[in-house]
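Chemist: Need coordinates for the following:
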Amino acid sequence: MPRSEKVERLLELKLIPIGIIQCIIFILGILTIAFAFSHYSCVPEDASIYMQQDDLQDDDFWKHVSASADDIPVSGESFLWWIAFAFLWLSQVLEVFVIVVLWCRLFGQPPTSALPEPVMHELVEEMWAERCTNLCHCLGMSTCFMFGGKNMALGDYGAVARALTDYFENGNKLDVVPSDIVMGLMVLRLVQRKRILESRNEVLREKRSTYNTSLQQQDQLFASNSSSSANSSGPLLENIRNNSSHSAPTSGNRASFFLMHEEGEETFYELTSRKVLNISKPFDRFTMQEGTRFARYQLAIYTWLIYLYMNPVSGFARLLLKSSCGCCERGQGSNIDDKEDLLTGDVPSGVVVGDNWCKVHKAALMLQAGIQDDDTELVYAQLLSSFSDIPYCIIIDHKWKSIVLAIRGTFSLEDCVTDVLIEPEPLQQMGDEFGFDAEDQYCHGGIISCARVVYRDLQRHGILDKLLYGENAKYTDYTLRVVGHSLGAGTATLVSYMLRQRFPSIRCLNYSPPGCSFTWRMANECKAWCHSFVLDSDLVPRLSIDSMEHLRDEVLELIGRVKVPKADVARKILPSPKYLCKQNKNHDDIDSVADLVDSLLFNQEEVSRSEYSLSVASFKTVQEERRSKRGNIRSIKLYPPGRIVHFTKTGEKRSLMRSAAKCLTCWTTNFGHEYTPIWVNNDDFNEIVISPTMGTDHFPNRLTKTMENLSEEYGLDVTKYACLDTDSPPV
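Modeler: Predicted coordinates:
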């Protein structure tokens with residue numbers, strides 16, 4: 001492990017004498033125990049006889065012992081016992097003295113010659129790789145390998161170490177403690193809150209303007225029509241007057257928000273307008289119906305842990321009942337431990353690879369996907385999870401005439417390692433192999449690895465060909481739909497590219513895809529057949545090298561602009577313990593938030609040159625050096641794929657239950673939130689939003705529930721088959 005010369009010398013000076021002292025202490029302890037028996041022998045052996053006498057008092061007993069002891073001469077062994085005690089005491093004093101001296105040298109001002117040389121980046125990468133390996137092993141064993149971790153030795157931690165080194169390496173130039181970072185994140189959240197409130201006011205203002213225009217037109221129309229027709233539209237007009245979010249978006253409605261732009265080293269925010277989904281248009285209506293219908297399948301592949309998380313009270317009993325019934329029923333599919341045992345003849349029915357003996361995974365998958373009647377059928381599920389196995393399943397949805405390929409996202413420690421393989425890898429070889437144009441195009445390295453694993457297994461058993469392709473195919477008129485969540489969403493897009501030449505009608509549905517998935521052309525060329533859905537402040541669609549570096553630099557800049565102590569920052573931003581479960585109305589008022597920001601931060605022009613600003617400048621110099629050594633690979637920008645629908649939070653329903661839910665979940669719940677679906681561009685997620693729900697918005701159940709609630713509010717029936725007469729995108 002890389003160490004500076006100063007720390008290395010102090011460690012050597014400390015470990016050698018401390019080791020010797022500890023050995024001496026151990027030997028002295030053994031000798032002390034041995035001498036203790038000789039000292040104990042000075043007590044008369046007939047003391048037990050006196051102890052058994054009931055009428056003998058304690059004073060008489062000790063007088064007898066003292067008189068007997070006076071008759072015994074002091075032996076040399078007792079004198080040696082006192083010598084051993086003195087050595088024990090001196091060794092402890094010496095140990096304390098050595099530790100105090102080393103601490104004084106450690107915190108003392110080092111001489112110029114003792115300063116470390118320029119950091120060797122290769123050694124730092126080795127340090128991070130070793131840390132990641134040990135952390136994954138510890139997490140795997142501490143969770144009893146419930147979330148994987150048995151094959152962590154096979155993982156490639158080189159890319160992970162390079163990414164962490166690129167992000168954290170400061171060349172010992174930056175003096176920032178964890179409390180500073182926490183304070184910077186708190187202030188950044190407040191600054192972002194100000195921009196969000198300004199954007200939300202623009203959305204509501206434009207919504208109100210659109211509704212008022214529509215209201216005037218309808219009032220003129222209803223004035224000339226019969227009163228009965230006017231009464232039939234009364235609830236709609238009432239919703240418009242009340243600015244209800246439960247009414248479907250109307251034509252021409254647009255949403256505004258602040259989009260970050262960077263020009264060189266300068267960053268600025270521009271008010272940008274995006275179109276709200278218009279349910280009255282066939283394309284938008286079909287997008288919501290299709291996305292909501294197949295969201296359950298991307299949720300189902302997570303099997304029993306997510307099911308128990310969603311149903312903590314009744315989930316265990318339902319799983320037990322479903323799994324026991326599955327074990328007793330005949331002809332309901334089989335459970336195999338090895339994929340090579342799968343027959344390659346006819347199409348299997350309900351075959352599950354990697355399930356446990358009581359079929360809990362299969363039971364949860366069927367319950368979550370709603371596979372309980374003849375409308376839906378489980379064909380095959382591969383549930384093994386490792387670096388060489390990606391869980392996925394194949395389901396037939398007869399109502400929507402679809403063969404669904406659902407790929408699981410990040411859930412195990414192996415998946416986490418794959419997630420961090422963010423270095424872009426070229427796609428040209430894969431494009432030449434599968435017949436799509438990928439010249440000068442790149443993709444997330446982990447997505448390429450997962451896509452090849454899934455495609456290899458699909459080729460091995462050939463189930464998709466038996467269902468959709470060839471003379472003996474059973475469902476030639478069905479559509480292949482590939483769905484996935486998180487890492488599985490990016491994998492689903494690349495697998496769709498790989499299968500598109502064989503299945504031209506393929507469609508891909510991504511739920512919370514990674515932000516660093518594909519280069520710009522690859523992310524946009526699939527818009528005709530690929531849709532992505534993102535929930536509010538979800539972190540993963542915003543994750544990229546650029547967004548992480550921007551977050552780091554913005555936090556460091558805000559730390560230097562804070563003009564009050566850290567305790568005052570926490571006191572002003574965090575809710576008081578007395579009102580912890582109550583809504584902070586000041587954080588919903590844009591004027592109050594703006595005043596709070598002004599009271600905490602200096603303007604950029606007011607920030608004076610200080611030691612901290614010099615250390616930040618030195619840190620940026622080290623980062624530039626790292627960036628130049630990495631070459632052009634750091635300049636490649638990656639984006640989430642497909643046509644993207646962003647469910648933006650535009651309101652909250654205040655109630656006692658919502659306050660209690662926020663208090664119990666540390667403000668991570670989205671209970672009572674109101675969302676508006678908006679069409680956004682692939683480069684709109686270029687900034688990480690600090691929010692209590694930035695992690696929980698990525699949960700597959702949160703996104704699924706939000707889409708189901710919106711579809712119900714808009715009056716969309718997702719149980720019936722829907723098709724799109726035209727493939728024309730929204731204007």
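
Chemist: going forward, measure contacts and count neighbours with C-alpha atoms only.
Modeler: Will do.

Chemist: Number of residues surrounding D595?
Modeler: Counted by other Cα atoms under 10 Å, the residues lying close to D595 total 10.

Chemist: Poorly predicted segments of the stretch 551-700 of the chain, please.
Modeler: The stretch 551-700 of the chain contains residues with pLDDT under 70 at 576-588.

Chemist: just so I have it, where are all the strands in it?
Modeler: For the stretch 551-700 of the chain, the strands defined by DSSP state E, counting those that start in this stretch occupy 643-652, 673-680.

Chemist: Also the chain?
Modeler: Ranges of strands in the chain, per DSSP state E, are 254-263, 266-275, 335-336, 351-353, 376-382, 392-397, 402-407, 424-426, 442-444, 479-485, 507-511, 530-535, 643-652, 673-680.

Chemist: Give me the below-cutoff pLDDT ranges for the stretch 151-300 of the chain.
Modeler: Checking the stretch 151-300 of the chain against pLDDT under 70 turns up 152-156, 170-173, 200, 202-271.

Chemist: quick one: buried residues of stretch 394-402?
Modeler: The neighbour-count check on stretch 394-402 (16 or more other Cα atoms under 10 Å) flags I394, I395, I396, D397, W400, K401, S402 as buried.

Chemist: meant to ask about stretch 416-425
Modeler: For stretch 416-425, by 16+ other Cα under 10 Å, it's V417, T418, D419, V420, L421, I422, E423, P424, E425.

Chemist: so of the residues you listed, which ones are in helices?
Modeler: The members of those that map onto helices under DSSP state H are V417, T418, D419.

Chemist: mind putting those in TSV, pLDDT and distance to M548 included?
Modeler: Conversion of those to TSV gives the following (pLDDT from 0 to 100; distance: Cα to Cα, whole Å):
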residue	pLDDT	distance to M548
V417	80	17
T418	82	18
D419	80	14
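
Chemist: Next, format these as a markdown table and append distance to P504.
Modeler: Shown next, in a markdown table, are those (distance: Cα to Cα, whole Å):
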| residue | distance to P504 |
| --- | --- |
| V417 | 33 |
| T418 | 29 |
| D419 | 29 |
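
Chemist: so, if you compare those, which one comes nearest to L487?
Modeler: D419 (7.0 Å; Cα to Cα).

Chemist: what sits against that closest one?
Modeler: Under the criterion of Cα atoms under 8 Å, 6 or more residues apart in numbering, the neighbours of D419 are T410, G446, L487.

Chemist: can you count the residues close to the last one?
Modeler: Counted by other Cα under 10 Å, the residues lying close to L487 total 28.

Chemist: Same question for the second one.
Modeler: Counted with other Cα under 10 Å, the neighbours of G446 add up to 23.

Chemist: Please tell me how far it sits from A159.
Modeler: 10 Å (Cα to Cα, to the nearest Å).

Chemist: buried residues in stretch 483-493?
Modeler: Neighbour-count burial for stretch 483-493, counted by 16+ other Cα under 10 Å, picks out V483, G484, H485, S486, L487, G488, A489, G490, T491, A492, T493.

Chemist: shouldn't the fourth one be in contact with L509?
Modeler: By that I understand S486. No: using Cα atoms under 8 Å, S486 makes no contact with L509, being 11.4 Å away.

Chemist: Okay, helices next: where are they in the stretch 601-731 of the chain?
Modeler: For the stretch 601-731 of the chain, the helices defined by DSSP state H, counting those that start in this stretch occupy 611-630, 656-664, 700-713.

Chemist: Of these, give the one that comes closest to L197.
Modeler: helix 656-664 (20.0 Å).

Chemist: tilt between that closest one and strand 673-680?
Modeler: Interaxial angle of helix 656-664 relative to strand 673-680 (axes from the mean of the first three to the mean of the last three Cα atoms, to 10 degrees): 80 degrees.

Chemist: Next, format the strands of the stretch 551-700 of the chain as a markdown table and append mean neighbour count.
Modeler: As requested, these are exported to a markdown table (neighbours: other Cα atoms under 10 Å):
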| stretch | mean neighbour count |
| --- | --- |
| strand 643-652 | 20 |
| strand 673-680 | 21 |
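
Chemist: Nearest to L308 among those strands would be which one?
Modeler: Using Cα to Cα, the nearest of the strands of the stretch 551-700 of the chain to L308 is strand 673-680, at 23.4 Å.

Chemist: so what secondary structure elements neighbour the closest one?
Modeler: In terms of contacts (3 or more Cα pairs under 8 Å, 6 or more residues apart in numbering; DSSP states H and E), strand 673-680 is packed against strand 266-275, strand 643-652.

Chemist: Identify all contacting residues around the last one.
Modeler: Meaning strand 643-652. So strand 643-652 is in contact with 200, 203-204, 524, 526-528, 530-536, 672-682, going by Cα under 8 Å, 6+ apart.

Chemist: In CSV, list the C-alpha atoms belonging to that strand.
Modeler: The C-alpha trace of strand 643-652 is given here as CSV (Å, rounded to 0.1, in the frame of the first residue of the first chain):
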residue,chain,number,x,y,z
ARG,A,643,-37.4,8.4,-25.8
ILE,A,644,-37.6,9.4,-22.1
VAL,A,645,-40.7,10.1,-19.9
HIS,A,646,-39.8,11.9,-16.7
PHE,A,647,-42.4,11.8,-13.9
THR,A,648,-41.7,15.2,-12.3
LYS,A,649,-43.0,16.0,-8.8
THR,A,650,-45.4,18.9,-9.0
GLY,A,651,-47.2,18.8,-5.7
GLU,A,652,-47.9,17.2,-2.4
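
Chemist: Who does it pair with, and is each partner parallel or antiparallel?
Modeler: As defined by DSSP bridges, the strand partners of strand 643-652 come to strand 530-535 (parallel), strand 673-680 (antiparallel).

Chemist: follow-up on the earlier one: shared neighbours, G446 and A159?
Modeler: Residues touching both G446 and A159 (Cα under 8 Å, 6+ apart) are V420, L421, I422.

Chemist: about what we covered before: save the helices and strands packed on strand 673-680 as CSV, and put in distance to E625 too.
Modeler: Converted to CSV, those look like this (distance: least, Cα to Cα, whole Å):
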stretch, distance to E625
strand 266-275, 19
strand 643-652, 36
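
Chemist: To A451, which of those strands lies closest?
Modeler: The closest of those to A451 is strand 643-652. By Cα to Cα, the value is 20.5 Å.

Chemist: Just give the number of residues close to C138.
Modeler: C138 has 14 nearby residues by other Cα under 10 Å.

Chemist: cool, and the one 5 residues further on?
Modeler: By the criterion of other Cα under 10 Å, T143 has 11 neighbours.

Chemist: where's it relative to L413, distance?
Modeler: 11 Å.

Chemist: How about P700, nearest residue that isn't a chain neighbour?
Modeler: L299 (5.8 Å; Cα to Cα, 6 or more residues apart in numbering).

Chemist: need the contact list for that neighbour.
Modeler: When contacts are counted by Cα under 8 Å, 6+ apart, L299 touches Q368, A369, H485, P700, N701, T704.

Chemist: Quick one: which of these is the most crowded by neighbours?
Modeler: Busiest of the contacts of L299 [other Cα under 10 Å] is H485, holding 31 neighbours.

Chemist: Quick check, Y392 in contact with V404.
Modeler: No: Y392 sits out of contact with V404 when judged by Cα under 8 Å, with a separation of 10.2 Å.

Chemist: For burial, what's the neighbour tally of the residue lying closest to C393 once chain neighbours are set aside?
Modeler: Leaving out its chain neighbours, the residue that sits closest to C393 by Cα to Cα, 6+ apart is A381, at 4.0 Å. Other residues near A381 come to 26 when the count uses other Cα under 10 Å.

Chemist: Specify the beta-bridge partners of A381.
Modeler: Here A381, judged by DSSP bridges, has bridge partners V352, C393.
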